[in-house]
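Visitor: compute the structure for the input listed below.
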Amino acid sequence: MFSDIVTPENGTIMGGLGKLVAAVLCENRPIPLVRVGVEDEFSQSSLIGGGKDELRDHFALGARDLTVAVRTCLPKK
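Guide: Numbering: from 1, shown residues only. Next up is the predicted model:
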């Protein structure tokens, strides 16, 4: 069975996959969970030029950010 879960979102974490996973975990088995995605804010896409790479960096959704999320989740056991 799973021991730690990180749910990456390509958009807002509000109402996303992580919220659904958290609900199931709360009802069945408490497991450390870290949700990665855009916090509750309006998108800044019109203010950030250059495309998806800059948006990914701005919202901390890159590979390094996911690595940090996994490392944050592991010690929560």
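Visitor: ranges for the helices of the chain?
Guide: 17-28, 52-58, 63-73 (DSSP state H).
Visitor: the ones you listed: which one's closest to Asp4?
Guide: helix 63-73 (4.6 Å; C-beta to C-beta). Yep, even glycine has a C-beta here, placed from its N, CA and C like the rest.
Visitor: residues making contact with that closest one?
Guide: 4-6, 8, 32-34, 36 (C-beta atoms under 8 Å, 6 or more residues apart in numbering).
Visitor: and these, which are buried?
Guide: For the contacts of helix 63-73, a neighbour count by 16 or more other C-beta atoms under 10 Å gives the buried set as 5-6, 8, 32-34, 36.
Visitor: now those in JSON lines, with pLDDT and distance to Lys19?
Guide: Listed next are the buried ones among the contacts of helix 63-73 as JSON lines, based on pLDDT from 0 to 100; distance: C-beta to C-beta, whole Å:
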{"residue": "Ile5", "pLDDT": "81", "distance to Lys19": "13"}
{"residue": "Val6", "pLDDT": "82", "distance to Lys19": "14"}
{"residue": "Pro8", "pLDDT": "80", "distance to Lys19": "13"}
{"residue": "Pro32", "pLDDT": "81", "distance to Lys19": "16"}
{"residue": "Leu33", "pLDDT": "82", "distance to Lys19": "10"}
{"residue": "Val34", "pLDDT": "81", "distance to Lys19": "13"}
{"residue": "Val36", "pLDDT": "81", "distance to Lys19": "13"}
